[in-house]
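**Student:** With the input below, show me the fold.
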Amino acid sequence: DVIRYVYNHYNLDLGVESLANAVNLAPSYLSHSSKKETGENLGKFIKRVRMEKAKEMLETTHEKIVSIAVAVGYSNDSYFCQSFREYYGLSPQKYRSKGE
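**Tutor:** Below you'll find the model as predicted:
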């Protein structure tokens, strides 16, 4: 349920508390069980889902970077660009240019 919820709501604020409330689990149990299911802590799993969605949008749309950032759950586009660069080794703009 948690994995499905994250994939369907990656654009929302997905802190441990809000996610635990959404899936009716205790926050500590949620953290423990998500690590067991995904092999990574909850924050890393959420970031991976968001980065995969951002990468897909960069490859398949002409949306502005700022719009993609918001669409995948980042309210700050600078932080999104920094996170994307850390995750993929390229800025979103360079990643998009590379694919064209």
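
**Student:** CA only for contacts and neighbour counts going forward, please
**Tutor:** Noted.

**Student:** ok, residue 76 - how many residues close by?
**Tutor:** By other C-alpha atoms under 10 Å, the residues close to residue 76 number 11.

**Student:** Against residue 49, how distant is residue 9?
**Tutor:** Separation of residue 9 from residue 49 (C-alpha to C-alpha, to the nearest Å): 10 Å.

**Student:** Checking the residue nearest the centre of the chain next. Helix, strand or coil?
**Tutor:** For the chain, residue 50 is the residue whose C-alpha lies nearest the centre (C-alpha atoms, centre = their mean; 2.0 Å). The three-state label given to residue 50 by DSSP: H, G, I helix; E, B strand; the rest coil is helix.

**Student:** out of everything not next to it in sequence, what's closest to it?
**Tutor:** Nearest in space to residue 50, with sequence neighbours left out and distances taken as C-alpha to C-alpha, 6 or more residues apart in numbering, is residue 72 at 5.4 Å.

**Student:** check contacts around the one you found.
**Tutor:** When contacts are counted by C-alpha atoms under 8 Å, 6 or more residues apart in numbering, residue 72 touches 10, 11, 12, 50, 51, 53, 54.

**Student:** Also residue 66?
**Tutor:** If you count contacts by C-alpha under 8 Å, 6+ apart, residue 66 has them with residue 77.

**Student:** Got the confidence number for the residue nearest to residue 50?
**Tutor:** pLDDT for residue 72: 97.

**Student:** Go ahead and confirm residue 82 touches residue 91.
**Tutor:** Yes. The criterion here is C-alpha atoms under 8 Å, and residue 82 meets it with residue 91 at 7.4 Å.

**Student:** Of these two, which one has the most company?
**Tutor:** Neighbour totals were compared for residue 82 and residue 91, and residue 91 leads with 17 against 14 (other C-alpha under 10 Å).

**Student:** Let me know the distance separating the more buried one from residue 73.
**Tutor:** Computed as C-alpha to C-alpha, the residue 91 to residue 73 distance reads 17 Å.

**Student:** burial measure for residue 54, as a count.
**Tutor:** Residue 54: 22 surrounding residues under other C-alpha under 10 Å.
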